[in-house]
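Colleague: Just a sequence and a predicted model for now, questions to come.
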Amino acid sequence: MRTLDLPTMALLSVCIGIATVILMGVIWRANARMPGPALWFVASLLSPVLAGVTVLIRDAETGPYPPHWGMAYTSLAALLFVLVIDGLIRFMAAEDRQAVPERAYGRTFAFCTAAALSGPILAGLFSDPVLRQTVQDGVLLLLVAAALLLLLRGAADVSIPIRLFGCVAFLLVGGALLWRWINTYHLLTGDLMVGDSPRTLQAIDGTAQFLFTVWSFWWTYAVVLMVLKRSQARIEALSREDALTGLPNRREFDRVFEAAAKPLLSVPERSGIRGAPLPKSVPGFAVLTFDLDGFKEINDTIGHLAGDDCLIEVGRRLKLFCRSGDLPARFGGDEFVVLLKEIVTAEDLTAAMTRLQAAVEGPAVTRDGQTVTVRLSIGGALVPADGINQTDVLHVADQRMYQAKQQRRRQSWPRAAAEETAS
């Protein structure tokens, strides 16, 4: 089987390796907080070095190549794939732009140490270079299979075509390793000829290295697509998300409300009739609005950072309160809105408001260790009983919230006056 001559293979590997390093470096620096690209950049630095070691191995035209070259190849190849796999684990598992905790890098260190020691370990266990390369390629095939599984498992914000495109890269290098493993196995069993030509490790390495070079380029392009898709999804999410609490914002609430109310607009029984009964086949829902009592005093007396901590804690409690299909949102300041599915009666609405108040109210600890008390004033409206138009529904809910706030204030004034008289 004809293979590329040594100078051509070396030049091709160096050029693609340099281009891969540059492109991976740009991806990493542009997405420094995204888990994955940093490890892929480090892996790209190893690719030209691995190609150089392979060229040295091929340059040994006769006889077995020096053992230390084989050890270097095994360690570099294992280290490269371990870095790629660890980057995939982080990238696929990440659901936001937060940096990976420092403790997670202990796993990376352990994996990289094991990969770096794989060359000397195999050299110590197997003195026969043919047997050593057979075991080495078997281990590398397992690493490639792990990378394929991670890509197929994927992440929700990376589309299936992009993941399949990345899988092609690993199928290429996996095919090269499998072809080399089969040929090395033939050498191990004494089948020394391919037709009229002798079967050598150097010739086998040549074809494998060519496909490995193709993998480097293909994988880099797949990384570009995955990172761009993740960045695009993140930008779109930020446009629908409140930056402080992580809750959906007004824009996202408008979209979800419109989608939930759309089936109600097409119900003939409700055309122009406010309060008409709703068919069972069309689900109604409720909208709750609330703000925090005494929030201005928290900002004025303790500070705005304490107020932010209070809002973040309210957002966290609100997420825990909501069921699948419900939507909590922050409109701004201390104003929150919740869309609750399958709430159709006044009794259901009252019960939901009571549950919300119990879930969100209570003491909250700020980052400075101070304790503030979270208290709510809540109002609610039913859709379609109180209207279908979003403006009308929010107006009804707000009016009821203000009535609840006024009632709470009237209840607190006699108590405050009594306490002042007793003192």
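Modeller: Yep, it's here. Numbers count the residues shown, from 1 in each chain.
Colleague: Residue ranges of each domain in this protein, please.
Modeller: 6-239, 250-422 (automatic domain parsing).
Colleague: Can you tell me which of those is most buried?
Modeller: Compared across the domains of the chain, domain 6-239 shows the largest average neighbour count, a mean of 17 (mean count of other C-beta atoms under 10 Å). Any C-beta I mention is one placed from the backbone N, CA and C, and that applies to glycine too.
Colleague: what are the ranges of the strands in the stretch 101-250 of the chain?
Modeller: Using DSSP state E, counting those that start in this stretch, the strands of the stretch 101-250 of the chain run over residues 193-194, 197-198.
Colleague: follow-up on the earlier one: using TSV, lay out the domains of the chain together with mean pLDDT.
Modeller: Formatted as TSV, the domains of the chain follow (pLDDT from 0 to 100):
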stretch	mean pLDDT
domain 6-239	76
domain 250-422	83
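Colleague: which other residues reach the helix or strand in which A329 is found?
Modeller: If you go by DSSP states H and E, A329 is part of strand 327-332. Applying C-beta atoms under 8 Å, 6 or more residues apart in numbering, the external contacts of strand 327-332 come out as 242, 244-245, 247-250, 252-253, 256, 311, 315, 318-319, 321-322, 336-339.
Colleague: Pretty sure D291 sits against V374.
Modeller: No. Using C-beta atoms under 8 Å, D291 is not in contact with V374, being 11.1 Å away.
Colleague: Run through who's touching stretch 288-307.
Modeller: By C-beta under 8 Å, 6+ apart, stretch 288-307 touches 310-311, 314, 333-338, 340, 352-353, 356, 360, 366-368, 370, 372-380, 394, 397-398, 401, 405, 408.
Colleague: from those, which ones fall inside helices?
Modeller: 310-311, 314, 352-353, 356, 360, 394, 397-398, 401, 405, 408 (DSSP state H).
Colleague: Quick one: residues contacting P120.
Modeller: Residues in contact with P120 (C-beta under 8 Å, 6+ apart) are M71, S75.
Colleague: what about it, distance to V224?
Modeller: 35 Å (C-beta to C-beta, to the nearest Å).
Colleague: With R90 instead?
Modeller: 17 Å.
Colleague: try I388
Modeller: Going from I388 to V224 by C-beta to C-beta gives 46 Å.
Colleague: And S239, by the same measure?
Modeller: Using C-beta to C-beta, one gets 23 Å for the distance from S239 to V224.
Colleague: next one: G138
Modeller: 31 Å.
Colleague: just I22 next, same as before
Modeller: Counting by C-beta to C-beta, the gap from I22 to V224 is 12 Å.
Colleague: again, but for L152
Modeller: Counting by C-beta to C-beta - L152 and V224 are separated by 19 Å.
Colleague: cool, and T391?
Modeller: In this view, T391 and V224 are 44 Å apart by C-beta to C-beta.
Colleague: now do L265
Modeller: Separation of L265 from V224 (C-beta to C-beta): 44 Å.
Colleague: give me the element V49 is part of.
Modeller: With DSSP H and E as the criterion, V49 is inside helix 37-59.
Colleague: and if you look at R255?
Modeller: Element membership for R255 (DSSP H and E) is helix 250-265.
Colleague: A helix includes S75, no?
Modeller: Yes. Looking at S75 with DSSP: H, G, I helix; E, B strand; the rest coil, it is inside a helix.
Colleague: Verify the contact between it and G119 for me.
Modeller: Yes. Assessed by C-beta under 8 Å, S75 is found in contact with G119 at 3.5 Å.
Colleague: residues contacting the residue lying closest to L382 once chain neighbours are set aside?
Modeller: Spatially, and ignoring its direct neighbours in sequence, L382 is nearest to A286 (5.4 Å; C-beta to C-beta, 6 or more residues apart in numbering). Neighbour list for A286: L339, L340, I343, V344, D348, L349, A352, G380, A381, L382, V383 [criterion: C-beta under 8 Å, 6+ apart].
Colleague: May I have stretch 390-400 as CSV, with CA atoms only?
Modeller: The C-alpha coordinates for stretch 390-400 follow below in CSV (Å, rounded to 0.1, in the frame of the first residue of the first chain):
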residue,chain,number,x,y,z
GLN,A,390,-52.3,40.3,29.1
THR,A,391,-52.6,44.0,30.1
ASP,A,392,-56.0,43.4,31.6
VAL,A,393,-54.9,40.3,33.5
LEU,A,394,-51.9,42.1,35.0
HIS,A,395,-54.0,45.1,35.9
VAL,A,396,-56.5,42.9,37.8
ALA,A,397,-53.7,41.1,39.6
ASP,A,398,-51.9,44.3,40.5
GLN,A,399,-55.1,45.9,41.8
ARG,A,400,-55.6,42.9,44.1
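Colleague: And the contacts of that stretch?
Modeller: 254, 257-258, 261, 287-289, 337, 379-381, 383, 386-387.
Colleague: try stretch 159-178
Modeller: Contacts to stretch 159-178, defined as C-beta under 8 Å, 6+ apart, come from residues 137, 140-141, 144-145, 147-148, 151-152, 154, 207-208, 210-212, 214-215, 218-219, 221-223, 225-226, 229.
Colleague: Would you agree A364 falls within a strand?
Modeller: Yes. Secondary structure of A364 (three-state DSSP): part of a strand.
Colleague: Look up how far L23 lies from the closest residue to it other than its chain neighbours.
Modeller: Spatial nearest neighbour of A364, excluding adjacent residues (C-beta to C-beta, 6+ apart): E313 at 4.3 Å. Using C-beta to C-beta, one obtains 43 Å as the distance from E313 to L23.
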